[in-house]
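Undergrad: pasting the sequence and the predicted model now:
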Number of protein chains: 4
Amino acid sequence: MQIGMIGLGRMGANMVRRLMRGGHECVVYDVNSANVQALVGEGAIGAQSLQDMVSKLAKPAAIWLMLPAAITEKTIVDLSNVLVTGDAIIDGGNSNYQDDIDRAGRLAEKGLDYIDVGTSGGVWGLDRGYCLMIGGPNEAVTRLDPIFRSLAPGAGMEVASGRTSELGYLHCGPSGSGHFVKMVHNGIEYGMMAAYAEGMNLMKAANAGQQNRAVDAETSPLQHPQYYQFDIDVTEVAEVWRHGSVVSSWLLDLLAQSLKNDPTLESFSGRVSDSGEGRWMLKAGIDTGVPLPILSSALFQRFTSQGHEQYSNQVLSALRAAFGGHAEKPHGSDH
Amino acid sequence: MQIGMIGLGRMGANMVRRLMRGGHECVVYDVNSANVQALVGEGAIGAQSLQDMVSKLAKPAAIWLMLPAAITEKTIVDLSNVLVTGDAIIDGGNSNYQDDIDRAGRLAEKGLDYIDVGTSGGVWGLDRGYCLMIGGPNEAVTRLDPIFRSLAPGAGMEVASGRTSELGYLHCGPSGSGHFVKMVHNGIEYGMMAAYAEGMNLMKAANAGQQNRAVDAETSPLQHPQYYQFDIDVTEVAEVWRHGSVVSSWLLDLLAQSLKNDPTLESFSGRVSDSGEGRWMLKAGIDTGVPLPILSSALFQRFTSQGHEQYSNQVLSALRAAFGGHAEKPHGSDH
Amino acid sequence: MQIGMIGLGRMGANMVRRLMRGGHECVVYDVNSANVQALVGEGAIGAQSLQDMVSKLAKPAAIWLMLPAAITEKTIVDLSNVLVTGDAIIDGGNSNYQDDIDRAGRLAEKGLDYIDVGTSGGVWGLDRGYCLMIGGPNEAVTRLDPIFRSLAPGAGMEVASGRTSELGYLHCGPSGSGHFVKMVHNGIEYGMMAAYAEGMNLMKAANAGQQNRAVDAETSPLQHPQYYQFDIDVTEVAEVWRHGSVVSSWLLDLLAQSLKNDPTLESFSGRVSDSGEGRWMLKAGIDTGVPLPILSSALFQRFTSQGHEQYSNQVLSALRAAFGGHAEKPHGSDH
Amino acid sequence: MQIGMIGLGRMGANMVRRLMRGGHECVVYDVNSANVQALVGEGAIGAQSLQDMVSKLAKPAAIWLMLPAAITEKTIVDLSNVLVTGDAIIDGGNSNYQDDIDRAGRLAEKGLDYIDVGTSGGVWGLDRGYCLMIGGPNEAVTRLDPIFRSLAPGAGMEVASGRTSELGYLHCGPSGSGHFVKMVHNGIEYGMMAAYAEGMNLMKAANAGQQNRAVDAETSPLQHPQYYQFDIDVTEVAEVWRHGSVVSSWLLDLLAQSLKNDPTLESFSGRVSDSGEGRWMLKAGIDTGVPLPILSSALFQRFTSQGHEQYSNQVLSALRAAFGGHAEKPHGSDH
């Protein structure tokens, strides 16, 4: 079928390619016309503007946005002025699901369908397919089924059960539910990543007994150094776990590859960004009273890596000095 | 090659079966003679006692133990009295790696090799193979390579790289290192499980806005109920994530299957045991000064599910009553 | 000076009493006229309605609200229709500071000053005084200084430094800042309470080595029972810490008293409510990227005590059954 | 009564002074003879060696050790060779309570009493008195009651209840229990300190909305900057909370003083040491299955401040690069 795509960055461009492989006709637009030309060279139909795109799509039109969250809202407002009743806007980016709910309400007043699609697969989706978590009105989601099916990992397959989840896409519920499920997905991802990271960190420290350790009142002694004498090759460990272990996963596959490429990880400084979903999910846990200790730990680790625990630590040092006369040790003075 | 196996529970018996498939000759023993007979019926050589087993094994003998931690130590002591210099004992159970280090030292004085093997794969290992994390002296580990290769998932395969990790087994270092790596593996598993669990829990709560909520000073109001109106089918979500998403993993495969079998999980009460490795790993983090916030959160959640936070909560309630006159709400009185 | 007080619950009524002790003239109102009559009997001037209260106050009028958060907003709207430019509304309850900011903006358009006052002291404030954290425009806060001074613990005292903070009240900044600081105060309180609670819980468990413990694969054994043989009298410990220790505090004073009154705390079931500030503070940490691991742990403990971790635990049990064949143990089956 | 004191550092010397004020005769020893001479000048009896000290004490002798943990054990062994049946050794330092239990057993075989005393009060104890948590055999603890009473804050007072806890010292149970209770005390202290620290940190961040924030895919945007416009004077807040608030405590008194002296805390770098008790307590929680989320969070924050989360963060960055093509932002590039 026919679909418009706005936003031809790495994700958007690859989705267009996968859709064209699936036999769909793609009308494409990007503020950077070079991105448009590149895809036109691969068979897409280029558009010069939102208006131009709309004119090139049969009714009811369906337009997929793959844009940074910061400009999604403005683009949707602009689009809503050139679309007509029955048309659909699909947001495949990482919007806050609460914004989706508000937005869907506003667009419904204009007769427009709004569909939010949480998309996982990252830079690997072109070949592996994209796992799609979809929220929106039943009729519109059903109409767009061929699009979702082509993007999903199971493109071209059939499953006896008829469950689209087995093909890698799912209609999760009304508008907002797609990004809600994607938000939870990303929160779980934060926790899984942090679980691997701390395990790797401990394996690195398995030789702590071989290292010199300051002997003073400010350093807790290592009581049994004989138990910390291992030099573990974490690159090999990550690889072996990929085969038959309970912790095998796609993230572990990536980790094993990263370690193989850069065994010391010295190309990374350890400043870890976070991009929104983890924060939103933690707020949803607060609203609903659901304990999320794994997510909060993972998120706070990232905040700390960004330097935001500094003042808190200064307060601790000030208190230790005040009640016990403890002077701080210089940074880097113990193992 | 030839190997002895002591402990023919589900894990031990299936390992014997996989070894026999690999062409090895297995001498087997268990305190329950029925377990011995069952495997004799499948081609194993039965033994009546430790002494009998040793007499049926050519020198140097290698004997694998697959026993509960509680009786492993005694069995090793008994074995060490009937083995001779050059023989090897392999502990495939879940011993504390620190006990391994002590034990290896004692056995080395008798000229015996001690090899600790962390084994992942659980009830699925017979067909998938077992991921093996091996600690012990180089020579002994090399001698037993055919055994490890047959047990591992890559049995019968070759890899160009020559890395055994790609076949699913790894010599991690000296005695104790196998169980150390397995301990870390299990700690990561705790974290991953908890990450999925809290994500599922939040999705279950996505309909909180539909529920009645007490309006009183002891209940925090849900400010925006319109954002919590989703009825999410977590069984379908677990399935869709298996296909192309960043959180796909073997644990997720199992979770999707469990939810398919019992969508409400009402066959589970939510009392979660823990079996040692998580505790040992947290202690290792304490010894080495490595922060393990994910593991500690996951472990404490289990302790709490076992009822161990009760008194702490009573203290909190007592304090709230004391400073603010807050009376407790009865259990189950809010959503 | 003269002040109106709306909301004559325990907190509001005691504040009126303390203000009258300080020589102020109080006009009081409550939906429950019995509450009004009680205070009239002690010297206050009763009002029949908001309008009546306003008519009994000289200009510029100042009206203090001590109401549940749920009805504060409506009351303020009503009040704003009977007050005139230059009058002031003081919210002494536990509003969300973000609502204060919005509200102050709306009231400023009508020429009304809005002052938010975080009030700590609970049921003890009548005699100890109330610690006041004040947000609002400089002029209005200055005008009301005699009121704040009488309510604060330092009523009637002078300090050489001139710092009102030494008397127990503080103008923290513009509207909202008073409740912001109170929110942080309460979040710290959550953490302190939880710190004491878990310490008490561990002392209770110091006799774990005397107890029978199941011996099975689902129970982690207590390795060194000789180290857990203490029967510690936590009531006495709470008392001794009050005298000269680093952890002495007013909360500890209360805890020692509670334990003296009810040494087993068996009058408490352990269901711990939370009332908003902790949730708001955690959200503020998320917004600003500030790690709040203590608060989140304390808050999640309360959520869990309310039963909200149940489904998460069922997921864990389902996973353990799936990969390892672990059956759940019945609740209460181990120590 | 008469007592020997070994270890005349700040703590030990001040305890001797307080004991002499209480009318006790103190025989003192230190490896640094200048420390001995100083106290001799204040009225103490100097000793040249352990043997010399013992010869100057009437039987049964009681000798108090105030030494770094690292040399306590050796000194006790040496002492046990010059003491005789009925004599008592008191360890007032910060030994691991499990070592106490082992040690008490060994000394009992020689007829010596061993008493462990957890001592809180730090540099302030000389004037405020020391809060004492005492473990040991009944008879010996009773014999030494005048010593404990003089050291405790309540020296010279009587309480109607007869509870020594009201005077600031407590016989907690058999050997080891004193340091067990002190360990828990310090663990609570970690949690309280961390609670204040994170609250202060959030107040510092209350002006986040005034700061420039990078606008890119790697930085989570601050959605509502209007709510983060406060410049809060944390020095004043710490002071005001000391007066009538629920979070008032001795630690808060110290914090308010520290902030008054150094409002920016810029004399502290934020590297926070930990000295053992927190680690031991967390291990005790692990052994007994008691959740200690506050302590673990506080302890891990310190580990992180010491640099031990670095590799974990590099793993996270590597994973983010691998699945999403996210490049790290340089340190210090966002607020």
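TA: Now that the structure is in, tell me what you want to look at.
Undergrad: for the stretch 151-300 of chain A, what lies in contact range of chain D?
TA: Residues of the stretch 151-300 of chain A lying near chain D by Cβ under 8 Å from any Cβ of the partner chain: A:193-194, A:196-198, A:200-201, A:204-205, A:215, A:217-221, A:251, A:254-255, A:257-259, A:262, A:265-266, A:268-276, A:279, A:293. The way it works is simple: take the backbone N, C-alpha and C, and place the C-beta from them, glycine included.
Undergrad: restrict the residues you listed to contacts with chain B.
TA: A:Ala194, A:Tyr196, A:Glu198, A:Asn201, A:Ala205, A:Ser220, A:Leu251, A:Pro293.
Undergrad: how about A:Asn207, what does it touch?
TA: A:Tyr228, A:Gln229, A:Phe230, A:Asp231, A:Ile232 (Cβ atoms under 8 Å, 6 or more residues apart in numbering or on different chains).
Undergrad: repeat the analysis, applying 6 Å as the threshold.
TA: The contact partners of A:Asn207, taken as Cβ atoms under 6 Å, 6 or more residues apart in numbering or on different chains, are A:Phe230, A:Asp231.
Undergrad: which parts of the stretch 51-200 of chain A are helices?
TA: Assigned by DSSP state H, counting those that start in this stretch, the helices in the stretch 51-200 of chain A fall at A:69-80, A:97-109, A:125-128, A:138-143, A:145-151, A:177-204.
Undergrad: rebuild those helices as CSV, extending it with mean neighbour count and mean pLDDT.
TA: Formatted as CSV, those follow (neighbours: other Cβ atoms under 10 Å in any protein chain shown; pLDDT from 0 to 100):
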stretch, mean neighbour count, mean pLDDT
helix A:69-80, 17, 93
helix A:97-109, 18, 97
helix A:125-128, 17, 90
helix A:138-143, 15, 98
helix A:145-151, 20, 97
helix A:177-204, 28, 98
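Undergrad: any chance of CSV for those helices, columns distance to A:Asp87?
TA: Converted to CSV, the helices of the stretch 51-200 of chain A look like this (distance: least, Cβ to Cβ, whole Å):
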stretch, distance to A:Asp87
helix A:69-80, 9
helix A:97-109, 10
helix A:125-128, 26
helix A:138-143, 9
helix A:145-151, 14
helix A:177-204, 18
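Undergrad: nearest spatial neighbour of the residue minimising distance to the centre of chain A, skipping sequence neighbours?
TA: Compute the mean C-alpha point of chain A, and by Cα atoms, centre = their mean the closest residue is A:Asn186, 5.3 Å away. Leaving aside its sequence neighbours, A:Asn186 sits nearest to A:Glu277 (Cβ to Cβ, 6 or more residues apart in numbering or on different chains; 3.7 Å).
Undergrad: what's around the one you found, how many residues?
TA: By other Cβ atoms under 10 Å in any protein chain shown, 24 other residues sit near A:Glu277.
Undergrad: over to the one 3 residues further on?
TA: Each residue near A:Trp280 was counted by other Cβ under 10 Å, and the total is 24.
Undergrad: which element is it on?
TA: Using DSSP states H and E, A:Trp280 sits in helix A:277-288.
Undergrad: look at A:Cys26 and give its secondary structure.
TA: strand (DSSP: H, G, I helix; E, B strand; the rest coil).
Undergrad: residues contacting it?
TA: Each residue near A:Cys26 by Cβ under 6 Å, 6+ apart is listed here: A:Ile3, A:Met5, A:Val16, A:Leu19, A:Met20, A:Ala44.
Undergrad: highest neighbour count among those residues?
TA: Among the contacts of A:Cys26, the one with the most neighbours (other Cβ under 10 Å) is A:Val16, at 27 neighbours.
Undergrad: in terms of pLDDT, where does that one sit?
TA: Note on A:Val16: pLDDT of 98.
Undergrad: residues contacting it?
TA: Counting by Cβ under 6 Å, 6+ apart, A:Val16 touches A:Met5, A:Cys26, A:Val28, A:Leu39, A:Ala44.
Undergrad: please redo it, this time with the cut-off set to 8 Å
TA: Contacts for A:Val16 (Cβ under 8 Å, 6+ apart) come out as A:Met5, A:Leu8, A:Cys26, A:Val28, A:Leu39, A:Ala44.
Undergrad: can you list these in JSON lines and add distance to A:Gly129 and pLDDT?
TA: Listed next are the contacts of A:Val16 as JSON lines, based on distance: Cβ to Cβ, whole Å; pLDDT from 0 to 100:
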{"residue": "A:Met5", "distance to A:Gly129": "17", "pLDDT": "98"}
{"residue": "A:Leu8", "distance to A:Gly129": "19", "pLDDT": "97"}
{"residue": "A:Cys26", "distance to A:Gly129": "17", "pLDDT": "98"}
{"residue": "A:Val28", "distance to A:Gly129": "20", "pLDDT": "98"}
{"residue": "A:Leu39", "distance to A:Gly129": "19", "pLDDT": "98"}
{"residue": "A:Ala44", "distance to A:Gly129": "19", "pLDDT": "98"}
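Undergrad: thinking again about what came up before, quick one: mark the members of the residues of the stretch 151-300 of chain A next to chain D that sit in helices.
TA: Among those, the members found in helices (DSSP state H) are A:193-194, A:196-198, A:200-201, A:204, A:251, A:254-255, A:257-259, A:279, A:293.
Undergrad: tell me if the helix or strand of chain A with the lowest mean pLDDT is near chain D.
TA: Every helix and strand in chain A was compared by mean pLDDT, DSSP states H and E; the lowest is helix A:125-128, with a mean of 90. No: applying Cβ under 8 Å from any Cβ, one finds that helix A:125-128 is not in contact with chain D, the shortest distance being 10.4 Å.
Undergrad: for whichever residue of the stretch 1-150 of chain A sits closest to chain C, what are phi and psi?
TA: Nearest residue of the stretch 1-150 of chain A to chain C: A:Asn96, at 12.5 Å (Cβ to the nearest Cβ). Dihedral pair for A:Asn96: phi -70, psi 130, per degrees, to the nearest 10.
Undergrad: I'd assumed A:Gly278 was in contact with it.
TA: No: using Cβ atoms under 8 Å, A:Asn96 is not in contact with A:Gly278; the gap is 12.0 Å.
Undergrad: comparing these two, which residue is more hemmed in?
TA: Just comparing A:Asn96 and A:Gly278: by other Cβ under 10 Å the higher neighbour count belongs to A:Gly278, 24 against 20.
Undergrad: ok, that one touching A:Val184?
TA: No: the pair A:Gly278 / A:Val184 is not scored as a contact, 10.3 Å apart, by Cβ under 8 Å.
Undergrad: circling back to that earlier point, distance to C:Leu107 added to the contacts of A:Val16, as JSON lines?
TA: As requested, those are exported to JSON lines (distance: Cβ to Cβ, whole Å):
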{"residue": "A:Met5", "distance to C:Leu107": "48"}
{"residue": "A:Leu8", "distance to C:Leu107": "49"}
{"residue": "A:Cys26", "distance to C:Leu107": "53"}
{"residue": "A:Val28", "distance to C:Leu107": "51"}
{"residue": "A:Leu39", "distance to C:Leu107": "54"}
{"residue": "A:Ala44", "distance to C:Leu107": "55"}
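Undergrad: out of these, who's nearest chain D?
TA: Distance to chain D across the contacts of A:Val16 (Cβ to the nearest Cβ) is lowest for A:Leu8, with 15.5 Å.
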